[in-house]
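> based on what follows, work out the 3D shape:
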Amino acid sequence: MKNFIIIILGFVVFASCGKSNKDKSFSLLQKWIGKELSFPARPVFTIQGKDTVEYPIQNAYKILTYIDSTGCTSCKLKLAEWEKFITVVDSIRPHTVQFLFFLCPKNGMEIYQTLRVERFKHPICIDEGDYLNKLNHFPADMAFQTFLLDNDNRVVAMGNPIHNLKVRELYLKIIQGREVKSDDEDNVVQTIVDVDKVSTSMGNFDWQKEQKVTFIMKNVGDKLLAIEGVDTSCGCISVEYSKEPVRPGMDLNLSIIYKAEHPEHFSKTVRIHCNSESSPIILTVSGNAQ
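Prediction:
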């Protein structure tokens, strides 16, 4: 089962990586799947960073996410998406999965403000001493800083279910006790997609002004093209597109919208999941919000 999960995760998380990166990723998965994680003796959990609550770590399935101090913490969190996912999990397996958020922010005031603005009511541990990471030495790659743990705190699967829809599907299958199996590609109707560009720069602009850029996906195959989902690397990025299937020979416009939270030089990614051999299609937008 362990090796099968490693194979599944390797494909769903790194489908678009080169061979050398895939080899490193499979090696990392082999190291972590089945590993028992350790927790600080007395972690302190709060609601919105102010009200301390009793939140003992339980002997049940747990989804642990660790957010380090690099980059934009509020962008990594995507709290609204976590709220939705928690609701989904609670609806299918009530009171059987514990969500553990450990944050090591470089700016405590910024994260407290984010928690209050987002009105996030789930317990969070503000781990200013980075004790959880010191105990476990997590991978530096954000894609590997979220874990599905079993009753014994052993890693069953890893990957961020908010940033990757395939990881989310895998987590839900495991939690529900459903059979985990690879998709039978021969039974999936696939087409061929051409994209006018895979990266673009928005240049220099006033950080308070919303920016938009359009990518064009062309269905050059002979089957309908369907967008199955979109993942963004940051909450400041949103994507607009028609949900209707795209006929062969037709185009689909994907509008990527960036709204800066503060002045910054940025490079953000969008993953487009669709019924194409090249899925997920990774698009990059960059620029300088002044």
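
> what's the separation between the residue most central in space within the chain and Pro94?
By CA atoms, centre = their mean, the mean C-alpha position of the chain lies nearest to His163, the distance being 1.9 Å. Counting by CB to CB, to the nearest Å, the gap between His163 and Pro94 amounts to 25 Å. (Each C-beta comes from the backbone N, C-alpha and C, glycine too.)

> which stretches of the stretch 101-250 of the chain form helices?
All helices of the stretch 101-250 of the chain, identified by DSSP state H, counting those that start in this stretch, fall at 108-118, 131-136, 165-176.

> nearest to Cys234, of those helices?
Evaluated over the helices of the stretch 101-250 of the chain, closeness to Cys234 peaks at helix 108-118, with 13.0 Å, by CB to CB.

> can you give me the buried ones in that closest one?
Ile111, Tyr112, Thr114, Leu115, Glu118 (16 or more other CB atoms under 10 Å).

> distance from the chain centre to it, please.
20 Å (CA atoms, centre = their mean, to the nearest Å).

> now stretch 258-271
16 Å.

> what are the buried residues along that stretch?
Of the residues in stretch 258-271, Tyr258, Ala260, Phe266, Lys268, Thr269, Val270, Arg271 count as buried by neighbour count, 16+ other CB under 10 Å.

> for Leu283, list each beta-bridge partner.
Taking DSSP bridges, one finds Val270 as the beta-bridge partners of Leu283.

> and the gap between Lys62 and Ser255?
If you go by CB to CB, the gap between Lys62 and Ser255 works out to 38 Å.

> between the two, who's got more neighbours?
In terms of neighbours (other CB atoms under 10 Å), Lys62 is the more surrounded of Lys62 and Ser255; the figures are 20 against 12.

> what residues are up against that one?
Residues near Lys62 by CB atoms under 8 Å, 6 or more residues apart in numbering: Val97, Gln98, Phe99, Leu100, Leu148, Leu149, Asn153.

> out of the residues you listed, who's nearest Thr46?
Leu100 (13.3 Å).

> checking that closest one next. Helix, strand or coil?
Each residue gets one of three states, and Leu100 gets strand by DSSP: H, G, I helix; E, B strand; the rest coil.
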